[in-house]
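> Pasting a predicted model and its sequence here:
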Amino acid sequence: MNFYNQSIQFSQKEIAPHAAQYDQDAVFPKKIFDKIGEEGYFSLLIPTKYGGQGKGLSEHAQVCMAFAEGSATVALCYMMHNVALMCLSNHADETLKQQIFTDVIQNKKLLALAYSEVGTGTHFYKPEITAHYTDKGVILNGAKSMVTSAEYASYYLVLSPAKDPEKINNWIVPKETKGLSFALSTWDGLGMRANVSCPMELNDLFLDESYKIGAEGGAMEQVFTTVASFFLTGLASVYSGLSTNIYQEALNHATTRKYSESVSLANIETVQIHLSNLYTKMMASRTMAFEAARSYDAGEADAVLKIISARIFASESVIENATIAMRVGGGKSYNKQTPLERLLRDSFAGHIMAPSVDVLKVWLGKAVSGQQIP
Ligand SMILES: Cc1cc2nc3c(=O)[nH]c(=O)nc-3n(C[C@H](O)[C@H](O)[C@H](O)COP(=O)(O)OP(=O)(O)OC[C@H]3O[C@@H](n4cnc5c(N)ncnc54)[C@H](O)[C@@H]3O)c2cc1C
């Protein structure tokens, strides 16, 4: 079954009606995530041999896009769960996979990514927290700067320096681990307000080696294969879904807002051109995201180039679309009488999320000309 069709029905019925409330409350939307878990979406990418649905990047893209058409902030939190799961699936040992996948499937547990730090910002693969290795495990100290789904998620993927300081490790940290805390009150995002992407503190946090994902010092490869592919395609899908929502709201406004003589905005040629531009960019963005995912699933050599370009295009075009849509929305949208100002605020998260669009453009330029990235 095409997961987009199934997920868009769920999104329209269960997510979209509450999108404005999620934005207003700026707290993690626990109720809808409990429902997303009950519907089985948490296990989308878990291999069938562990009881999951065994799906890949295409289905990840389809569900993220459909959810984002209802609420981009819900889709973004969900997207990160899938990235973390896929990292485990591709790199963790059997015992860790069994433990986490069983907890996700049976107890509907959510995963999150705690990677970014103040000292390295958008270059999140250069962790500066300290890792003190003992014969029993590791003691982590420091802070992560922006952790989506903070406190609701049951597990957090954390990058730290490895025993060889030139390398890095990827850990999975259960929420109840001693020494873990969140600064929830600092969250006041411009958009994506249900993300609750706040700082996470690690204070003498001890983990034994069983919580390390993959081989000692092997996390850089995890970041630049699995994490990058699922995260960047996920972002492309979320922002394409948001672009679709923006187009639909602008179209709705243009056709329903009528002047005294019964002429709607959609009867005006300039507005028709705006609608045309919105539609074209929205369709291009969706098509690029789905094509990148298809190419990856098919094992094509240039899939990574398609993934990076889909993420760049979706993140830039959604801001352009939100800006044009606000023009179509006129004073009513400016005065928050349509959802367009909320969608405009949401659109601004895309280009700054790590690795930022500016960084990715340099990487893509290097990659197409045969140079090493990063
Ligand atoms: C809604 C939201 C949710 C988030 N959720 C998470 C999460 O769950 N987990 C997580 O780990 N992080 C998360 N983040 C953090 C995010 O991914 C980035 O790490 C963070 O936004 C970077 O912020 P910064 O201010 O430190 O950027 P900086 O590193 O200060 O970069 C600012 C800008 O400088 C420019 N720049 C910097 N370096 C270069 C370069 N080498 N080349 C070109 N341009 C450059 C770019 O324009 C960049 O946008 C989230 C962010 C947002 C907005």
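Great, that's in hand. Note that this is a predicted model, so its numbers are computed, not measured.
> C-alpha only now, for contacts and for neighbours.
Noted.
> D34: what's it in contact with?
With contact set as Cα atoms under 8 Å, 6 or more residues apart in numbering, D34 has these partners: K108.
> gap between it and F101?
17 Å (Cα to Cα, to the nearest Å).
> and the spatially closest residue to M353 that is not a sequence neighbour, how many residues sit next to it?
The shortest distance from M353 to any residue other than its chain neighbours is 7.1 Å, reached at T122 (Cα to Cα, 6 or more residues apart in numbering). Using other Cα atoms under 10 Å, T122 is surrounded by 19 other residues.
> And for the one 3 residues further on?
Under the neighbour criterion other Cα under 10 Å, Y125 is assigned a count of 23.
> Equivalent analysis for L85, please.
Neighbour number of L85 under other Cα under 10 Å is 25.
> does it sit in a helix, a strand or a coil?
helix (DSSP: H, G, I helix; E, B strand; the rest coil).
> and the gap between the residue nearest to M353 and S309?
For T122, the distance to S309 - Cα to Cα - is 18 Å.
> Up against the ligand, what does the stretch 1-150 of the chain have?
113-116, 118, 120-122, 124, 146-148 (Cα under 6 Å from any ligand atom).
> If we only consider those, which is nearest to Y296?
L113 (22.1 Å; Cα to Cα).
> Pull out the buried residues from the longest helix along the chain.
With secondary structure taken from DSSP state H, the chain has its longest helix at helix 303-334. By 16 or more other Cα atoms under 10 Å, the buried positions in helix 303-334 come out as 303-304, 306-329, 332-333.
> S7 belongs to a helix?
Yes: under three-state DSSP, S7 falls within a helix.
> rewinding a little: narrow the residues of the stretch 1-150 of the chain next to the ligand to those that are buried.
113-116, 121-122, 124, 146-148.
> Please list which of the buried residues of helix 303-334 are also close to the ligand.
Among those, proximity to the ligand is found for none (Cα under 6 Å from any ligand atom).
> I'd like the next helix or strand past the longest helix of the chain.
Along the chain past helix 303-334, the next helix or strand (assigned with DSSP states H and E) turns out to be helix 340-347.
> Is that next one in proximity to the ligand?
No: Helix 340-347 does not reach the ligand (Cα under 6 Å from any ligand atom); its nearest approach is 8.2 Å.
> after that helix, next one along is what?
From helix 340-347, the next helix or strand downstream (DSSP H and E) is helix 357-368.
> Next, the residues that contact that following helix from outside, please.
Contacts for helix 357-368 (Cα under 8 Å, 6+ apart): 305, 308-309, 311-312, 315, 351, 372-374.
> ok and that helix relative to helix 303-334, angle-wise?
Using axes from the mean of the first three to the mean of the last three Cα atoms, to 10 degrees, the inter-axis angle of helix 357-368 relative to helix 303-334 is 150 degrees.
> Render the CA-only coordinates of helix 357-368 in PDB, please.
The C-alpha trace of helix 357-368 is given here as PDB (Å, rounded to 0.1, in the frame of the first residue of the first chain):
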ATOM      1  CA  VAL A 357      21.400  24.800   3.600                       C
ATOM      2  CA  ASP A 358      24.400  27.000   3.300                       C
ATOM      3  CA  VAL A 359      26.700  24.200   4.400                       C
ATOM      4  CA  LEU A 360      24.900  21.700   2.200                       C
ATOM      5  CA  LYS A 361      25.300  23.900  -0.900                       C
ATOM      6  CA  VAL A 362      29.100  23.900  -0.400                       C
ATOM      7  CA  TRP A 363      29.000  20.100   0.000                       C
ATOM      8  CA  LEU A 364      26.800  19.600  -3.100                       C
ATOM      9  CA  GLY A 365      29.100  21.800  -5.100                       C
ATOM     10  CA  LYS A 366      32.100  19.700  -3.900                       C
ATOM     11  CA  ALA A 367      30.300  16.400  -4.500                       C
ATOM     12  CA  VAL A 368      29.200  17.100  -8.100                       C
END
